[in-house]
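# build me a model:
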Amino acid sequence: MIRLKDIAQHAGVSVMTVSKALRDEPDISGRTKVKIRQLADQFGYVPNAAARSLRLRSTKFFGLIIPAMTNPIYARVVMAIEEQAHAFGYDIILTHSLNNPEREEDCIRRLLARRVDGLFIHPVYRHETNARIYDELIRRGTPTVLLGHRAAFCARFLNVETDDLAASKALTRRLLELGHRRIACFAGPVFSPTAQERFEGYRRALREAGIEVEDKLMFSAGSTIEEGARAALQMIDEGVRVTAIQCVNDLVAIGAATTFMQQGIRVPADLSIAGFGNILSAEHFRVPLTTVRQPKFRQGTAAMESMLKLLAREPVEGKRLPAEIIERESTGPAPKQEAA
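Alright, predicted model coming up:
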């Protein structure tokens, strides 16, 4: 392994001069810097990151915790954070919580042991109002940016979120404009702030239209394709008749739509279905899915902007980003006999 001492011997200078030249210190001449950098490249010198981090008290690593990369909603967020991190000289250590609070705590502790300069976390939402590991992050003063809505246990942290309430409300209004009056809601986990906002947007749009929110049109659909399929079967078994369904996310919508079509129900001729998130498969589903486009890349970029301000100890506030409806073939006018 090539050391600074080896480069110094070939350059005929001191080890300190080599070190300063590679750090681009101003008291080393330009000619000497060029000579030393050429030798470093020639010999394939790689700086000792551990030693550098001890000297600068910075590892140039960020920790990133998401539920699972298999969920396509996170792909562009992760890409944006990694691209921005790379541009600023940082690397990302990616871990998965699998939506498990104990695993999330373990991931955070492992990243703290790696002395990361900051953390990006999509929280594992839970019923509890306190979480020991989040309290510890506050005590440590670890720069942390949440990727999503805050809940009681993580309310003191900076976050970047989508305005899910406004987007969901706009989506329900669009279904109402298409003539739908019986609109079911395939809702997400009750303790998830994201799911709560999307349900609240649906509820407000109906009430403003003078339509009572019926409990029998509410179905707990989780967040996966399989859970969306189960909710669809439950609705069929209970004999609930609607002309449209608004789903908590695209995966639930895809699972539900597939199940309904397998039962001979036409989408959208018999039943309109809308999702939320605009994952890649939404556009390429057998019936392209009406959904809400979240600014996922922008969320990652905004999260990095917030992190850099935290590290620089500059004033910074949480960000709430707007979303937009993407209307595709899975929604259409309510069937005439139902719309009347």
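# only C-alpha atoms for contact and neighbour calcs from this point on.
Fine.
# ranges for the strands of the stretch 101-250 of the chain?
All strands of the stretch 101-250 of the chain, identified by DSSP state E, counting those that start in this stretch, fall at 118-121, 144-147, 158-162, 183-187, 218-220, 244-247.
# walk me through the domains of the protein.
Domain assignment for the chain by automatic domain parsing gives 4-47, 59-161+295-321, 164-294+325-339.
# most neighbours per residue, which of those?
When the domains of the chain are scored by mean count of other C-alpha atoms under 10 Å, the highest mean neighbour count falls to domain 164-294+325-339 (a mean of 20).
# the helix or strand where Val78 lies: what's the following helix or strand?
Take DSSP states H and E as the rule and Val78 turns out to sit in helix 75-87. Remark: after helix 75-87, the chain's next helix or strand is strand 91-96, criterion DSSP H and E.
# angle of that next one against helix 75-87?
With axes from the mean of the first three to the mean of the last three C-alpha atoms, to 10 degrees applied, the angle from strand 91-96 to helix 75-87 works out at 150 degrees.
# off-centre distance for strand 91-96?
14 Å (C-alpha atoms, centre = their mean, to the nearest Å).
# repeat for stretch 136-151
15 Å.
# now that stretch: mean pLDDT?
Summarised as a single mean, pLDDT over stretch 136-151 is 96.
# from Gly255, how far out is the closest residue in space to Ala131 that isn't next to it in sequence?
Excluding its sequence neighbours, the residue lying closest to Ala131 (C-alpha to C-alpha, 6 or more residues apart in numbering) is Phe153, at 5.6 Å. Distance, Phe153 to Gly255, using C-alpha to C-alpha, to the nearest Å: 31 Å.
# Gly266 - that's part of a helix, no?
Let me fix one detail, which is that residue 266 is Arg and not Gly. No - using DSSP: H, G, I helix; E, B strand; the rest coil, the assignment for Arg266 is coil, not a helix.
# wait, what's in contact with it?
Phe260 (C-alpha atoms under 8 Å, 6 or more residues apart in numbering).
# for it, give me phi and psi.
Torsion angles at Arg266 (phi, psi; degrees, to the nearest 10) stand at phi -90, psi 130.
# SS state for Tyr45?
Applying three-state DSSP: Tyr45 is coil.
# now do the end-to-end distance for stretch 277-294.
6 Å.
# give me the residues contacting it.
So stretch 277-294 is contacted by 72-73, 162, 167-168, 171, 249-250, 254, 267, 273-276, 322-331 (C-alpha under 8 Å, 6+ apart).
# where in this structure is pLDDT low?
Within the chain, the ranges that satisfy pLDDT under 70 run 1, 47-57, 337-340.
# not counting residues beside it along the chain, what's closest to Arg241?
Per C-alpha to C-alpha, 6+ apart, closest to Arg241 is Arg182, 7.8 Å.
# thought that neighbour was touching Thr243?
Yes - between Arg182 and Thr243 there is a contact under C-alpha atoms under 8 Å: 5.9 Å.
# returning to what we had before: centre of the chain to the helix holding Val78, how far?
With C-alpha atoms, centre = their mean as the basis, the mean position of helix 75-87 lies at 11 Å from the chain mean.
# got the contact list for Cys107?
Residues near Cys107 by C-alpha under 8 Å, 6+ apart: 65, 95-97.
# possible to save the residues you listed as JSON lines with distance to Glu197?
What follows is these, written out as JSON lines (distance: C-alpha to C-alpha, whole Å):
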{"residue": "Ile65", "distance to Glu197": "23"}
{"residue": "Thr95", "distance to Glu197": "27"}
{"residue": "His96", "distance to Glu197": "24"}
{"residue": "Ser97", "distance to Glu197": "23"}
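# return the closest of the residues you listed with respect to Ala85.
Ile65 (14.9 Å; C-alpha to C-alpha).
# if the closest one is in a bridge, with which residues?
Thr95, Ile121 (DSSP bridges).
# relative to Lys309, how far out is it?
20 Å.
# Thr144 now?
11 Å.
# where do the helices sit along the stretch 201-340 of the chain?
225-237, 250-262, 280-284, 296-311, 336-339 (DSSP state H, counting those that start in this stretch).
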